[in-house]
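In: Here is the input, now give the coordinates:
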Amino acid sequence: VQLVESGGGLVQTGGSLRLSCAASGITFSSVAMGWYRQAPGKQRELVAGINSEGTSTSYADSAKGRFTISRDNHQNTMYLQMNNLKPEDTAVYFCNAGRVGISGDYQPRNFWGQGTQVTVQS
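Out: Predicted coordinates:
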C-alpha cells in the first residue's frame, strides 16, 4: 500500500490549501480514508474521515465549517480542502487508509503516507 500526500505549503491566515492523497496497492473504493495532522510536540489527531463510497464524512470540531474531505474513487485520490486557515492549523498532514466503526467513527489502520507540511503564518 502506498499513500502519497501533496498540496501542502505556506499560506497566510485566512488562506486556503487543497491537499491530495494518491493511493496505490489497495482497492481504494473499498476502504474508508482519513486525514490526520501532527503539530510539533503534539499527538497525531484525526482531522476528517470519509467512508469508502464518499457518502458519509466526519470532522474534528476544529475542522468543521472550514475543511471539506472528499474522494474520487476513479482516480484513487482523496482530498482535503482547507479554507480560512489559522496558525493553529500548522502541522504535518497525513492520509490514512482505515475503516468506519459501528458507531460511525473513523478508525485508522496502519497505512500512512509520508505527510505534507502545512504552515499558516499569522
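In: In the longest strand anywhere in the chain, which residues are buried?
Out: Taking residue count as the measure and DSSP state E as the definition, the longest strand of the chain comes out as strand 91-100. Within strand 91-100, the residues that qualify as buried are 91, 92, 93, 94, 95, 96, 97, 98, 99, 100, counting by 16 or more other Cβ atoms under 10 Å. Every C-beta, even on glycine, is put in place using the N, C-alpha and C of the backbone.
In: What is that strand packed up against?
Out: Based on contacts counted as 3 or more Cβ pairs under 8 Å, 6 or more residues apart in numbering; DSSP states H and E, the elements that strand 91-100 packs against are strand 2-6, strand 17-24, strand 32-38, strand 45-50, strand 106-112, strand 116-121.
In: when you compare where that strand runs with where strand 2-6 runs, what's the angle?
Out: Using axes from the mean of the first three to the mean of the last three Cα atoms, to 10 degrees, the interaxial angle of strand 91-100 with respect to strand 2-6 works out to 140 degrees.
In: now the residue nearest to the spatial centre of the chain: how far from residue 110?
Out: For the chain, the residue whose C-alpha lies nearest the mean C-alpha position (Cα atoms, centre = their mean) is residue 35; its distance is 2.2 Å. Going from residue 35 to residue 110 by Cβ to Cβ, to the nearest Å gives 16 Å.
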